[in-house]
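Undergrad: Sequence unavailable; structure follows:
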DNA sequence: TCGATAGTTCGATAATATTCGAATAAACGA
DNA sequence: TCGTTTATTCGAATATTATCGAACTATCGA
């Protein structure tokens, strides 16, 4: 559990970010993080098994979408908003904005 | 070959669009379409086998990213820009903008 | 109606992902 | 140091994708 790997800003790849966001569960997590700021993993599973969520968090982490800090036994997650906005301006905004006319 | 299925605007799902864009080959196709307007499939394979490209075009079509019209024996492809912009404002722009600081 | 052209579909293989229970690890307080 | 809490890792089953050759289909012009 020690060190959780995160890509540096310069290593973040658009296609991987898009892939990470292309899953409904992960997109949901991202939206909640955007809305609530920082959350533990447990706060974001919706009754799903921990191991499944851990997988999704890893995809989000590895792609550079989410930053996970260790805080005691818990892991605090947050969006890497500033970095993503700098790299891919408008991307996160467009994904976080839910249009009534559009399907998730 | 007859009728190529396309989702109506109201049926386009964000996660599927993101998935379609998350592949380097497809992202490339999308960028070229954005740049050149309308292209045949053949004009966009970069030496790749037809069957592979056909697969990618289908993903792009099924997700609602690309519209394919039949024009003689050829298929003309174009981005469904207006519809996508309406559904997911800013998404396409952000994906089409290549920042020097960011990896594809 | 016979090519020639442009893509699709089929089928098989290899590579990746997803899911989730069970085992493991890390951090902290008593 | 022993639980308790929180999350990761392992392992195995299942599912989904990507890739590409070969066969097929559609369209058009000669």
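TA: Arrived safely, thanks for sending. Please read all numbers here as calculations on a predicted model, not as lab measurements.
Undergrad: ok, and what's touching stretch A:76-87?
TA: Applying Cβ atoms under 8 Å, 6 or more residues apart in numbering or on different chains, the contact partners of stretch A:76-87 are A:9, A:12, A:14, A:17, A:29-30, A:33-34, A:37-41, A:44, A:57, A:60, A:64-70, A:91-93, B:99, B:101-102. C-beta here means a position set from N, CA and C on the backbone, and glycine is covered the same way.
Undergrad: These also near DNA strand D: which ones?
TA: Of the entries in the contacts of stretch A:76-87, the ones placed beside DNA strand D under the rule of Cβ under 7 Å from any atom of the strand are A:40, A:41, A:57, A:68.
Undergrad: In helices, which of the residues you listed appear?
TA: residue A:57 (DSSP state H).
Undergrad: Now render the ones next to DNA strand D among the contacts of stretch A:76-87 as JSON lines, adding neighbour count and distance to residue B:4.
TA: Below are those laid out as JSON lines (neighbours: other Cβ atoms under 10 Å in any protein chain shown; distance: Cβ to Cβ, whole Å):
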{"residue": "A:40", "neighbour count": "15", "distance to residue B:4": "46"}
{"residue": "A:41", "neighbour count": "17", "distance to residue B:4": "42"}
{"residue": "A:57", "neighbour count": "21", "distance to residue B:4": "38"}
{"residue": "A:68", "neighbour count": "18", "distance to residue B:4": "43"}
